[in-house]
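> turn this into a structure:
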Amino acid sequence: MPLRYALTVLRGSFVKGSGFEALATPLWAMVGFAIVIFGAAVIATRRRIAE
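As a prediction, this is how the structure comes out:
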């Protein structure tokens, strides 16, 4: 799913020359995924260290 948003941003910025306003929604979606994945990684790492 995040690859879909990345491709939309890359295609919009390089091929179409779209501005930030047009690409804001997919960028925010990728930021949301990054926060969730990073948070899960931090929690998993803390659990492993605590063992």
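> list the buried residues in the helix or strand where residue 36 lies.
If you go by DSSP states H and E, residue 36 is part of helix 20-50. For helix 20-50, the neighbour count (16 or more other CB atoms under 10 Å) marks 23, 26-27, 29-30 as buried. From N, CA and C alone the C-beta is placed, and that goes for glycine too.
> quick one: it to chain centroid distance?
Helix 20-50 sits 7 Å away from the centroid of its parent chain (CA atoms, centre = their mean, to the nearest Å).
> how about stretch 10-29?
With CA atoms, centre = their mean, you get 13 Å for stretch 10-29.
> what's the first-to-last distance across that stretch?
One end of stretch 10-29 to the other measures 14 Å (CA to CA, to the nearest Å).
> quick one: low-confidence ranges for the protein?
For the chain, residues meeting the criterion pLDDT under 70 lie at 1.
> circling back to that earlier point, what packs against the helix holding residue 36?
When contacts are defined as 3 or more CB pairs under 8 Å, 6 or more residues apart in numbering; DSSP states H and E, helix 20-50 packs onto helix 2-10.
> any idea of the angle the helix it packs on forms with helix 20-50?
Per axes from the mean of the first three to the mean of the last three CA atoms, to 10 degrees, the angle that helix 2-10 makes with helix 20-50 is 150 degrees.
> which residues are contacting helix 2-10?
Residues outside helix 2-10 that contact it (CB atoms under 8 Å, 6 or more residues apart in numbering) are 23, 26-27, 29-30, 33.
> swap in 10 Å and give it another go.
18, 22-34, 37 (CB atoms under 10 Å, 6 or more residues apart in numbering).
> so which bits of that helix are buried?
5, 8-9.
> residue 19 contacts residue 13, doesn't it?
Yes. Counting by CB atoms under 10 Å, residue 19 does reach residue 13; the two are 8.8 Å apart.
> find the centremost residue of this structure, please.
residue 30 (2.2 Å; CA atoms, centre = their mean).
> please name the nearest non-neighbouring residue to it.
Closest residue to residue 30 apart from its sequence neighbours, by CB to CB, 6 or more residues apart in numbering: residue 5 at 4.9 Å.
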